[in-house]
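[1] Starting from these lines, generate the structure:
(chains A and B)
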Number of protein chains: 2
Amino acid sequence: MERMEATTVRVGVLGCGNVGAALVALVHEQRQTVADRTGMVLEVAAVAVRDTSVHRDVPCPPDTFTADAAAVVNDPGIDVVVEAMGGLEPARQLILEALASGKPVVTANKELLAAHGEELYLAAAAAGVDLLFEAAVAGAIPIMRPLRESLAGEPLTRVMGIVNGTTNFILSRMSDHGATYADALSKAQELGYAESDPTADVEGFDAGAKAAVIASLAFGARVVPADVYHEGISGVTVDDIEAARAMGHCIKLLAVAERGTSVDGAVEIGVRVHPTLVPFNHPLAAVNDNFNAVFVEGEAVGELMFYGRGAGGRPTASAVFGDLIDAAGNLRRGHGAPIGALSDVRVSPIGDIESAYYLSIEVDDRPGVLSDVAAVFGGHDVSIRSMEQIGLGAEAQLRFITHLARESDLQETLRGLRELDAVRSTGSVLRVIGD
Amino acid sequence: MERMEATTVRVGVLGCGNVGAALVALVHEQRQTVADRTGMVLEVAAVAVRDTSVHRDVPCPPDTFTADAAAVVNDPGIDVVVEAMGGLEPARQLILEALASGKPVVTANKELLAAHGEELYLAAAAAGVDLLFEAAVAGAIPIMRPLRESLAGEPLTRVMGIVNGTTNFILSRMSDHGATYADALSKAQELGYAESDPTADVEGFDAGAKAAVIASLAFGARVVPADVYHEGISGVTVDDIEAARAMGHCIKLLAVAERGTSVDGAVEIGVRVHPTLVPFNHPLAAVNDNFNAVFVEGEAVGELMFYGRGAGGRPTASAVFGDLIDAAGNLRRGHGAPIGALSDVRVSPIGDIESAYYLSIEVDDRPGVLSDVAAVFGGHDVSIRSMEQIGLGAEAQLRFITHLARESDLQETLRGLRELDAVRSTGSVLRVIGD
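    As a prediction, this is how the structure comes out:
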């Protein structure tokens, strides 16, 4: 590497939980390597914590700790701020103050970005400094930077991610061990992969926030969590998983952002989170346990997938550290690479989404039933790709995978099926991604 | 996106084959999107070709074409140069001239980078401009930029890649269709995935050049193709693939670069290419057909994988286009991000490499044989992880997977086995990556 005069870059860290502490350790361990490669000596000059009396096993002197986070972001001796405290406030206010005083900011705070991303992007652009957040989506996986840089000129069509490790662990456990949803959730809680109140993960709120950030970056569009339709995995049963397997699929909770066209020809963005049937030969099917992956489709690039750890102190800190080196380098060179404003693009109502679907119905097993059922599908423009009958007589179940259909047509089809005398009940309805 | 005054960036393209032509088309198609997102209007101002009389179906006026590549790189009206001609000369000389005149260069030329990388990196550093080459390894997959930027502070331990689509297609075909090597190669040639002389691909030369580039970037070390031990796939049989499958593995041609420690405690880099047994539950096992993937392991980041198309005009041009936007942006901001010099790190001799191994031997099936065989392994510090016997009597074959062992010890073990009366012959020896 080229020899350069070493410049000291003073870093202020807000928060010293798993990620903050792992980051401070990484900065310490990699000090010499980073200096050799970049000519910059990174120094953690201040760490803001709630309670300075707690002993923390991190490699910095006791007087580095302070309870005054605002003083850290306003200290003219601090060059770069890392926000690792989480939550909306005071994180938002502190980041805005840091940016306003010309300090680049690195954060892993997906809730904040999803809720207030554009305000923060604009503040960074106005100050001409970086706001980097590689760790906010899919933890250690470099996906934000490729979307912002490598793929800046790529006509992207769809991004699909397994972006919540908790739900992927639960679904993997149900699939591999035949565990019920409740047992798999308990196991995830026991291993520390799920919170005692798992709602944010299992009902798709966390994945929805990440989907909003992904859609913003991939399509330069203003998308907030309230725009994101989401279904969680609490309704997925072992029977669903077995039925999917029999038809060559596994079930994954996917966050999907795709570019579409509205009826009047304008560009629309579809953004949603739901359990999805994924064919076994699709790369996303091989993403198991609490790993994350983001699958990107573009007109020129074809298909890309980025795979890695979505959470954990060290992996997340690794992504924050990469951003920190980048932000420090840009600061030294006198410019950031801000994102700036997002454009107003219509987010498709869920009824307008096109997808293939899996559905099952319990029927009376007698002549003519299939014909009546098929007529309902056909009457709503839903075309059947595959069908199989399970069981006989009073136990008969029909399972279908459709070709691409509009969500609203599919819902009409379900209503029509329920009105048939021969249909005793309808079961799970799950979206399917194609081969 | 933020509104900026549009700046025109004039691009000179050297070569108009698959990649060059696809790039010119992408620049044309994405002109407005790139202008909106970056404030830069990219304009292909010159395309150097061997023969200007050939009609080319690319969206630029006929007078854009010239046979004088040197005039393009020296034209003060050209801002950025894209080298898409391939080969060592005159590509090397033209890139050096472009860099010397302060023009950033984007290239996909892996042979050139592998052979003369450091000379080119130093020329870019001396001129303070970018030399970007995302497309040189694993085509459309963003892997160079993560290694240079996102993972700049990550203590990487190993990078393993499926970086040759031709051989991956052949191995997939042998595995999925039971095709022989010769038939699978014919099919690859028929589909245009393999050259009529396939040596560079099937004997591992192409993967070796990419391994050298990966090792340079991942470890900042000077590694040239001559440093890379390589074995190809022409000796892999359907029997090997079946035997691997029975033991829970598939066979992939992997390029491996790993950080190790020599006997005297110094850092060493191991770089090699060989057919490898990959457990079915490893993410690399799901990379099929002519797809590429790069699997990265680091102390903090854990495991990452980057998957996508390794070749093809449009996918490769997509990666070149991302670099072009980046180089143009850096030029406008007045700086590049050069790599500069590489450090002298010892490349481990192949005998010092540690790996697990698969090997098979044909033996006389009689009492005491296994004990004699096991004694040879033990006598050379090679420990057996699993063994199975296939067939009986004169047809008996023993198959082993070892724990980690030194290559030189494994070779000694093979010699020892061949000296046993009961061993009629030794079969394939293949390296194995662990679970």
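[2] what about the lowest-mean-pLDDT helix or strand in chain A, distance to the chain center?
    Least confident helix or strand, chain A: helix A:31-38 with a mean of 85, by mean pLDDT, DSSP states H and E. When distances are taken as Cα atoms, centre = their mean, to the nearest Å, helix A:31-38 is centred 32 Å away from the chain's centroid.
[3] Can you point out the buried residues in it?
    A:Arg31, A:Val34, A:Ala35, A:Arg37, A:Thr38 (16 or more other Cβ atoms under 10 Å in any protein chain shown). (C-beta placed from N, C-alpha, C; glycine too.)
[4] Using CSV, write out every CA atom in the helix or strand where A:Leu370 lies.
    Assigned by DSSP states H and E, A:Leu370 belongs to helix A:369-379. Output of helix A:369-379 as CSV, limited to C-alpha atoms (Å, rounded to 0.1, in the frame of the first residue of the first chain):
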residue,chain,number,x,y,z
VAL,A,369,-66.2,-30.8,-8.2
LEU,A,370,-62.9,-30.1,-9.9
SER,A,371,-64.7,-28.7,-12.9
ASP,A,372,-66.7,-26.3,-10.7
VAL,A,373,-63.6,-25.3,-8.8
ALA,A,374,-61.7,-24.7,-12.1
ALA,A,375,-64.5,-22.6,-13.4
VAL,A,376,-64.2,-20.2,-10.4
PHE,A,377,-60.5,-19.8,-11.0
GLY,A,378,-61.0,-19.2,-14.7
GLY,A,379,-63.9,-16.8,-14.1
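[5] after that helix comes which helix or strand?
    Later in the chain than helix A:369-379, the nearest helix or strand by DSSP H and E is strand A:384-390.
[6] got the contact list for A:Val296?
    By Cβ atoms under 8 Å, 6 or more residues apart in numbering or on different chains, the residues touching A:Val296 are A:Pro146, A:Leu147, A:Leu151, A:Leu156, A:Arg158, A:Val159, A:Ala218, A:Glu303, A:Leu304, A:Met305, A:Phe306.
[7] from those, which has minimum pLDDT?
    Note: of the contacts of A:Val296, the lowest pLDDT belongs to A:Leu151, at 85.
[8] Distance from the chain centre to stretch A:97-117, please.
    Offset of stretch A:97-117 from its chain centre (Cα atoms, centre = their mean): 18 Å.
[9] Also stretch A:95-109?
    22 Å.
[10] Could I get the pLDDT score of A:Glu2?
    41.
[11] cool, and A:Leu26?
    With respect to pLDDT, A:Leu26 has a value of 94.
[12] So it: helix, strand or coil?
    Following DSSP: H, G, I helix; E, B strand; the rest coil, A:Leu26 is assigned to helix.
[13] Could you count how many residues lie near the closest residue to it other than its chain neighbours?
    In space, and not counting its chain neighbours, A:Leu26 is closest to A:Phe321: 4.9 Å by Cβ to Cβ, 6 or more residues apart in numbering or on different chains. A:Phe321 has 30 neighbours, counted by other Cβ atoms under 10 Å in any protein chain shown.
[14] what do you get for A:Val267?
    By other Cβ under 10 Å, the residues close to A:Val267 number 13.
[15] wait, isn't it in contact with A:Thr261?
    Yes - using Cβ atoms under 8 Å, A:Val267 is in contact with A:Thr261, at 6.5 Å.
[16] Parallel or antiparallel, list what pairs with the helix or strand hosting A:Thr157.
    Assigned by DSSP H and E, A:Thr157 falls within strand A:156-162. Strand A:156-162 pairs in its sheet with strand A:249-261 (antiparallel), strand A:291-298 (antiparallel), by DSSP bridges.
[17] Indicate which one of those is closest to A:Ser371.
    Nearest to A:Ser371 among the strands paired with strand A:156-162 is strand A:249-261 (26.8 Å), distances taken as Cβ to Cβ.
[18] tell me the average confidence for that closest one?
    What strand A:249-261 shows for mean pLDDT is 94.
[19] Can you list the buried residues in that strand?
    Neighbour-count burial for strand A:249-261 flags A:His249, A:Cys250, A:Ile251, A:Lys252, A:Leu253, A:Leu254, A:Ala255, A:Val256, A:Ala257, A:Glu258, A:Arg259, A:Gly260 (criterion: 16+ other Cβ under 10 Å).
[20] Mind putting those into JSON lines with distance to A:Ala46?
    Shown next, in JSON lines, are the buried residues of strand A:249-261 (distance: Cβ to Cβ, whole Å):
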{"residue": "A:His249", "distance to A:Ala46": "51"}
{"residue": "A:Cys250", "distance to A:Ala46": "47"}
{"residue": "A:Ile251", "distance to A:Ala46": "46"}
{"residue": "A:Lys252", "distance to A:Ala46": "42"}
{"residue": "A:Leu253", "distance to A:Ala46": "39"}
{"residue": "A:Leu254", "distance to A:Ala46": "40"}
{"residue": "A:Ala255", "distance to A:Ala46": "35"}
{"residue": "A:Val256", "distance to A:Ala46": "41"}
{"residue": "A:Ala257", "distance to A:Ala46": "37"}
{"residue": "A:Glu258", "distance to A:Ala46": "43"}
{"residue": "A:Arg259", "distance to A:Ala46": "43"}
{"residue": "A:Gly260", "distance to A:Ala46": "47"}
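[21] that older thread, for the contacts of A:Val296, which one is nearest B:Thr64?
    Nearest to B:Thr64 among these, with distances taken as Cβ to Cβ, is A:Leu151, at 26.5 Å.
[22] what's near enough to touch that closest one?
    A:Leu151 touches A:Ala218, A:Val296, A:Gly298, A:Val301, B:Pro142, B:Ser318, B:Gly322, counting by Cβ under 8 Å, 6+ apart.
[23] now it: how far from B:Gly312?
    Per Cβ to Cβ, to the nearest Å, A:Leu151 is found 16 Å from B:Gly312.
[24] Domains in chain A, by residue range?
    A:7-140+A:313-333, A:152-307, A:350-432 (automatic domain parsing).
[25] So the helix or strand hosting A:Ser172, near chain B or not?
    A:Ser172 belongs to helix A:165-177 when assigned by DSSP H and E. No - judged by Cβ under 8 Å from any Cβ of the partner chain, helix A:165-177 and chain B are separated, with a smallest distance of 10.1 Å.
[26] Buried residues, that helix. List them.
    Applying 16+ other Cβ under 10 Å to helix A:165-177 flags A:Gly165, A:Thr166, A:Thr167, A:Asn168, A:Phe169, A:Ile170, A:Leu171, A:Ser172, A:Arg173, A:Met174, A:Ser175 as buried.
[27] angle of it against strand A:291-298?
    Orientation check (axes from the mean of the first three to the mean of the last three Cα atoms, to 10 degrees): helix A:165-177 against strand A:291-298 gives 100 degrees.
[28] Next SSE downstream of helix A:165-177?
    Sequence order places helix A:181-190 as the next helix or strand after helix A:165-177, per DSSP H and E.
[29] mind listing what's buried in the next helix or strand after that next one?
    Sequence-wise, the next helix or strand downstream of helix A:181-190 (DSSP H and E) is helix A:199-202. Of the residues in helix A:199-202, A:Ala200, A:Asp201, A:Val202 count as buried by neighbour count, 16+ other Cβ under 10 Å.
[30] If I look at the last one, what pLDDT would I see?
    The predicted local distance difference test score for A:Val202 is 97.
[31] which residues does it contact?
    Neighbours of A:Val202 in contact, by Cβ under 8 Å, 6+ apart: A:Thr166, A:Thr167, A:Ile170, A:Leu185, A:Ala194, A:Gly232, A:Ile233, A:Ser234.
[32] helices and strands around the helix or strand hosting A:Asp206, which ones?
    Assigned by DSSP H and E, A:Asp206 belongs to helix A:205-219. Judged by 3 or more Cβ pairs under 8 Å, 6 or more residues apart in numbering or on different chains; DSSP states H and E, helix A:205-219 is in contact with helix A:110-127, strand A:156-162, strand A:229-230, strand A:249-261, strand A:267-279.
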